[in-house]
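Novice: Predicted model follows, preceded by the sequence.
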Protein chains: 2
Amino acid sequence: MRKILHPARAVALSFLLAIVAGTILLMLPASRADGLAAPWLTAFFTSVSAVCVTGLATVDTGTYWSTFGQAVIMVLFQIGGFGMMTAATLLGLMVNRSPRLRTRLVTQVETHSLGLGDVAQVARLVLVVTFTCEILIAIVLTLRLHLAYGLNWGDAAWSGLFHAVSAFNNAGFSIHADSLVRYAQDALILLPVMIAILIGGIGFPVLQDLRLKFRDPRHWSLHTKLTLLGTGILLVAGFVAVLAFESANPKTLGAMTMPEKILNAAFASVSARTAGFNTVDFGALTRDTWAAHYLLMFIGGGSAGTAGGVKVGTAVILVMLVLAEIRGHTDSEAFGRRIGASAHRQAITVLVLGSAMIVLGTMILLRVSDFPTDRIIFEVISAFGTVGLSTGITADLPPAGQLTLTALMYLGRVGTITLATSLVLAERRMPYRYPEEHPIVG
Amino acid sequence: MRKILHPARAVALSFLLAIVAGTILLMLPASRADGLAAPWLTAFFTSVSAVCVTGLATVDTGTYWSTFGQAVIMVLFQIGGFGMMTAATLLGLMVNRSPRLRTRLVTQVETHSLGLGDVAQVARLVLVVTFTCEILIAIVLTLRLHLAYGLNWGDAAWSGLFHAVSAFNNAGFSIHADSLVRYAQDALILLPVMIAILIGGIGFPVLQDLRLKFRDPRHWSLHTKLTLLGTGILLVAGFVAVLAFESANPKTLGAMTMPEKILNAAFASVSARTAGFNTVDFGALTRDTWAAHYLLMFIGGGSAGTAGGVKVGTAVILVMLVLAEIRGHTDSEAFGRRIGASAHRQAITVLVLGSAMIVLGTMILLRVSDFPTDRIIFEVISAFGTVGLSTGITADLPPAGQLTLTALMYLGRVGTITLATSLVLAERRMPYRYPEEHPIVG
Ligand SMILES: [K+]
Ligand SMILES: [K+]
């Protein structure tokens, strides 16, 4: 397989094909509620947003598209999420040097090569996790929607399934124009959605570790430990930030009771790093909360899952490196393991290239639109991190701006997972070494 | 010396003492034009801004302070600039492993120790460069101001000296409320100022290399080559950005002739990374130009000079690392030299901590004031990079905001040069090594 097509390139190409197919399907009159053919940009933007499990939308998903169109979108983000999780896991396997992680994921893998058996095995495991989780959450949501909101069984099941699949794949699409604002008081809707988001977004390698060695944390892989540590810190930080910055904002949490504030701040924190559902109007948030979201959305979720961003693991590796350097340690250590220079080089590369994309995207959107800078930065990071939250400017951006967002979604989603792989596969010892010279830093 | 007080800590303390002394002097009634004692916050802010060669001001330097007060400010930024250049060079010497750079700077230095003779030698060399440059530029400016603007010799000499010293030290203070806007059409004022800014901002190690081996570029140190390369790229990029984003702006370059546009765009590019003079109203710039300035101001100038920011060398090291990683090289090479992992770790640490300071500063200013986010980000990076440019909000920030800016100036200036030193001095091989494990990146 690798001889024919570089695996990272094969992944990038597959997602491109899915996007094209989705665009064509969404341009069919049957996809639109009013029976007319959607403009190509609307269909293309929606297809990119769905395949890249982002959730940004230039039209209202619930009213603009027919039920067929919504089903197409759901299939696209299901394929996108499943494809991403499987591809990233396989790519990770090809390059990963941790035998523990490798044997955990598949039984028989040699470095830098994967058999069809391995591919099938990983795909089967991902499928099992995906459908188990999605079906359970869909059942809970359907019951709640039927029993508490009086939806008939058909409508309840459709809404339950759509939001369960959207949540697990961190897609952020909702068939409601206001996302989940109407359920802001309902813990029995929000908690299942949060659980689906967290499971999908933590990444397959961590799920496998937890499934196989749940009671034996000492033997979790370093990746699992770093990701769980980082996720915990970010969840708490996001919760505290939203609660602190919005408690007094009458347009968001201000009018809620304390338990509702806690529920909605927790939901915002879980959803911020990549899921993209909202229970409050994000256009009405304080800009302090927007600024906190810049960070959360940029970092994103776990590797080889349905989450976007530069990934929690990448951020933790960099923070560990800085902490070690400050203490004067030449080795960066965590949980009794040394993080090698190669991981550092990859992490800094992902960070720098991700930042460069955001700077470039921001500069372009500042040029082509008149929206305030803070809303534009929010939109750009949301697209790059495939989060899908918006302060409400997506639909009003000019075509050049919307196309910029599609490029950010694709690069942010496909780029980050294929980049690291390409880096490792391309890596080779130099046949000669120049003498070292230490330039001045700072 | 090192036994008594950690040299980095000694430097940090010296600057603190200069700030306190400056505050006391500026609170004297003699320092103010109207003969009243200045409020402590005004005096403190001005003192920090002067000692840290920033140039941000909450009051108009030309009308608020008496000539005595202005002289105090000039002495403070002269001491600040000289102290910074000398201290950074000495700290760099203590930690630098490049024998070529070391022998270039002083004759007799052993690793991690400096004699009083070395200190005196470096201080003398810096003094010679400083005063030679300042006096020449002051003479040119004085002549121009007397001959072309009809100032009497005394006023012309005072203005010429003040702006020459301010330019060489990249202080950005001007005795005019509009900075250098009144000279926007005058190349004979702007070009000398630009030359002073570039010489002061490129850093002492580069100046020494150029002085001693001007005709022999092959034997320049790696630091010199990287800094010159990065500075050239940034100068061109800044020039192009300002010209592109402001040519059609009637409030800035729009009304100018093409030669004037080129002159003022070039001046803005030279001044942006740390000097902080302006020839156009920065409050009236397009936000695109502001965004370009975020980057330029964050990167700053050369190491061990009068410039701030994370430094050009740091940025180039990171870019080289990313380029090498993308090409699959495990070694990052430049000009026939290998840049070691230790330099990478330090560069990442400076980048991450600098970014963290800017994020924190921005969050605080968003909380305590109502100014638009893009102006606040500009102000924060300007303070951190000790640039001194402003969109015009400095004076109207509440005390908490102004104090935040003083902290950013001090940390941005003293922090970056002492941080790298502390990191290297503290660095030690670990007595044991954990087994390496490669976590997933991206
Ligand atoms: K999403
Ligand atoms: K300055």
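Specialist: Cool, got the structure. Ligands and ions are numbered 1, 2, ... in the order given.
Novice: Please, which helix or strand holds the closest residue to A:Gln185 other than its chain neighbours?
Specialist: Taking C-beta to C-beta, 6 or more residues apart in numbering or on different chains, and ignoring the residues beside it in sequence, A:Gln185 has A:Glu260 as its nearest neighbour in space, at 5.9 Å. All C-beta atoms are positioned from the backbone trio N, CA, C, and that covers glycine. Using DSSP states H and E, A:Glu260 falls within helix A:258-272.
Novice: A:Gly254 now?
Specialist: Here A:Gly254, judged by DSSP H and E, is contained in no helix and no strand.
Novice: what's the closest non-adjacent residue to it?
Specialist: Nearest to A:Gly254 is A:Ala248, by C-beta to C-beta, 6+ apart, at 5.7 Å.
Novice: how many neighbours does the one you found have?
Specialist: Neighbourhood size, A:Ala248 [other C-beta atoms under 10 Å in any protein chain shown]: 10.
Novice: surely it meets A:Ala255?
Specialist: No. Taking C-beta atoms under 8 Å as the definition, A:Ala248 is not a contact partner of A:Ala255, at 10.6 Å.
Novice: any idea how far the residue in the stretch 201-350 of chain A positioned nearest to ligand 1 lies from A:Ala138?
Specialist: Closest residue of the stretch 201-350 of chain A to ligand 1, C-beta to the ion: A:Gly276 (3.6 Å). For A:Gly276, the distance to A:Ala138 equals 19 Å [C-beta to C-beta, to the nearest Å].
Novice: Equivalent analysis for A:Ala324, please.
Specialist: Distance from A:Ala324 to A:Ala138, counting by C-beta to C-beta: 45 Å.
Novice: ok, those two, which is more surrounded?
Specialist: The residue with more neighbours, out of A:Ala324 and A:Ala138 and counting by other C-beta under 10 Å, is A:Ala138; that gives 25 against 21.
Novice: List the single closest residue to that one in space, sequence neighbours excluded.
Specialist: A:Ala164 (3.8 Å).
Novice: touching ligand 1 at all, whatever helix or strand that neighbour lives in?
Specialist: Per DSSP H and E, A:Ala164 falls inside helix A:153-168. No. Residues of helix A:153-168 are not located near ligand 1 by C-beta under 5 Å from the ion, the shortest gap being 8.5 Å.
Novice: need the contact list for the most centrally placed residue in chain A.
Specialist: By C-alpha atoms, centre = their mean, chain A has its centre lying nearest to A:Ala307, at 2.2 Å. Residues near A:Ala307 by C-beta atoms under 8 Å, 6 or more residues apart in numbering or on different chains: A:170, A:200-203, A:273-274, A:300-301, A:386.
Novice: What residues does chain A have near ligand 1?
Specialist: By C-beta under 5 Å from the ion, the residues of chain A that approach ligand 1 are A:54-55, A:170, A:172, A:276, A:388.
Novice: close enough to count as contact, A:Leu321 and B:Arg345?
Specialist: Yes. At 6.4 Å, A:Leu321 counts as touching B:Arg345 under the criterion of C-beta under 8 Å.
Novice: ok, back up a step: wait, a strand at the residue nearest to A:Gly254?
Specialist: No. Assessed with DSSP: H, G, I helix; E, B strand; the rest coil, A:Ala248 is coil; it does not lie in a strand.
Novice: What distance do you get for it to A:Pro259?
Specialist: A:Ala248 is 17 Å from A:Pro259, by C-beta to C-beta.
Novice: How about the secondary structure of the residue nearest to the centre of chain A?
Specialist: Under three-state DSSP, A:Ala307 falls in the coil class.
Novice: Could you give the backbone dihedrals for it?
Specialist: Note on A:Ala307: backbone dihedrals following degrees, to the nearest 10 are phi -90, psi 160.
Novice: Excluding sequence neighbours, find me the nearest residue to it.
Specialist: A:Gly301 is the one closest to A:Ala307 (C-beta to C-beta, 6+ apart), at 2.3 Å.
Novice: Pretty sure the one you found sits in a strand.
Specialist: No. Counting by three-state DSSP, A:Gly301 is not found in a strand; it is coil.
Novice: what comes into contact with whichever helix or strand A:Leu405 is part of?
Specialist: Here A:Leu405 sits within helix A:399-410, counting by DSSP H and E. With C-beta under 8 Å, 6+ apart as the test, helix A:399-410 has contacts from A:15-16, A:19, A:41, A:44-45, A:48-49, A:52, A:54, A:56, A:58, A:357-358, A:361, A:364-365, A:368-369, A:379-380, A:383-384, A:386, A:394, A:397.
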